[in-house]
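Enquirer: Whatever this is, show me its structure:
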Amino acid sequence: MTVAPSPAALAAVISAPSISPGTYIRLRREEVGLTIENVAMMIESDPPVGLSRRIEGLTMIEADVEEISLSTAMVLHEVIGIDLRILAYWMAVAVGATPTCTGILGPSNAQLSA
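Expert: Sure thing, here's the model as predicted:
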């Protein structure tokens, strides 16, 4: 189940004061009305790990204690609709880069990249 963020939500995230990647994920999860426990129950892992470990991992990602892996980002894209472009933007900001909206979102989305 992918719940795509609206264009207004994407624009709001990019124009917001700087936030961390984990905060973006938490805000997106809260926007779709799910708890960390709900999300943990919706995802599978390979190799399989218990629910408590998935909850712990998600909690650490949202707290920016643990970096998000590409596979986890893809799963969260499917489950809570995180926009991978927005996540990439905040990940770049977190390491001191100064990405542009056009560089992340692309020129084909002029409404958001202007």
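Enquirer: how about low-confidence regions in this structure?
Expert: The chain contains residues with pLDDT under 70 at 1-17, 100-114.
Enquirer: Mind checking what secondary structure the residue positioned nearest the centre of it has?
Expert: The residue lying closest to the centre of the chain (CA atoms, centre = their mean) is Ile25, at 3.8 Å. With DSSP: H, G, I helix; E, B strand; the rest coil as the basis, Ile25 sits in helix.
Enquirer: So it sits against Ile82, correct?
Expert: Yes. Between Ile25 and Ile82 there is a contact under CB atoms under 8 Å: 6.0 Å. Heads up, the C-betas are built off the backbone N, CA and C, glycines and all.
Enquirer: Wait, Leu87 touches Ala73, no?
Expert: Yes. Counting by CB under 8 Å, Ala73 is a contact partner of Leu87 at 6.0 Å.
Enquirer: Please point out which parts of stretch 74-94 sit buried.
Expert: Neighbour counts over stretch 74-94 (16 or more other CB atoms under 10 Å) mark 75-77, 79-83, 85-92, 94 as buried.
Enquirer: swap in stretch 50-61?
Expert: 54-55, 57-59, 61.
Enquirer: which SS class is Leu58?
Expert: helix.
Enquirer: Please disregard the earlier target; I meant Leu34.
Expert: Quick answer, by three-state DSSP: Leu34 is coil.
Enquirer: can you start the count at 58 instead of 1 from here on
Expert: Done: numbering now begins at 58, and the last item shifts to Leu91.
Enquirer: give the contact list for the closest residue to it other than its chain neighbours.
Expert: Spatially, and ignoring its direct neighbours in sequence, Leu91 is nearest to Ile137 (6.4 Å; CB to CB, 6 or more residues apart in numbering). The neighbourhood of Ile137, defined by CB atoms under 8 Å, 6 or more residues apart in numbering, consists of 60, 82, 85-86, 89, 91, 96.
Enquirer: Got a quick PyMOL command for the buried subset of the residues you listed?
Expert: PyMOL command restricting the contacts of Ile137 to the buried ones, with burial defined by 16+ other CB under 10 Å:
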select buried, resi 82+85+86+91+96
